[in-house]
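[1] Just a sequence and a predicted model for now, questions to come.
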Amino acid sequence: MEIKNNEIYDIFLSLSYSQLKDLFRKAKSKQEQDFYMTLSNMVLQREQEKVIGK
């Protein structure tokens, strides 16, 4: 499988918290829910860092 550099990262950056919540709700397994929850937490952390000014 050949993936362009940073393709997955770019997709992640393009997703909003609400989009990730929607993906979480539509997840078919606990593992998939955990994956989207982890990404959601990363988005929240990134936004908190912006607010704090890091």
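    Received, thanks.
[2] tell me which element Lys21 is part of?
    helix 17-26 (DSSP states H and E).
[3] list the buried ones in the helix or strand following that helix?
    Per DSSP H and E, helix 17-26 leads on to helix 30-52 as the next helix or strand towards the C-terminus. By neighbour count on 16 or more other Cβ atoms under 10 Å, the buried set for helix 30-52 is 36, 39-40, 43. From N, CA and C alone the C-beta is placed, and that goes for glycine too.
[4] For the residue positioned nearest the centre of the chain, list the residues it contacts.
    Nearest to the mean C-alpha position of the chain, by Cα atoms, centre = their mean, lies Leu39 at 3.1 Å. The contact partners of Leu39, by Cβ atoms under 8 Å, 6 or more residues apart in numbering, come to 12, 15, 20.
[5] Kindly recompute the last result at 10 Å.
    By Cβ atoms under 10 Å, 6 or more residues apart in numbering, the residues touching Leu39 are 12, 15, 17, 19-20, 23-24.
[6] Val43 too?
    Contacts of Val43 were listed using Cβ under 10 Å, 6+ apart, and they are 12-13, 15-21.
[7] mind showing which ranges of the protein have poor pLDDT?
    1-3, 54 (pLDDT under 70).
[8] For Phe24, which non-adjacent residue is closest in space?
    Nearest residue to Phe24 in three dimensions, chain neighbours excluded: Tyr36, at 4.1 Å (Cβ to Cβ, 6 or more residues apart in numbering).
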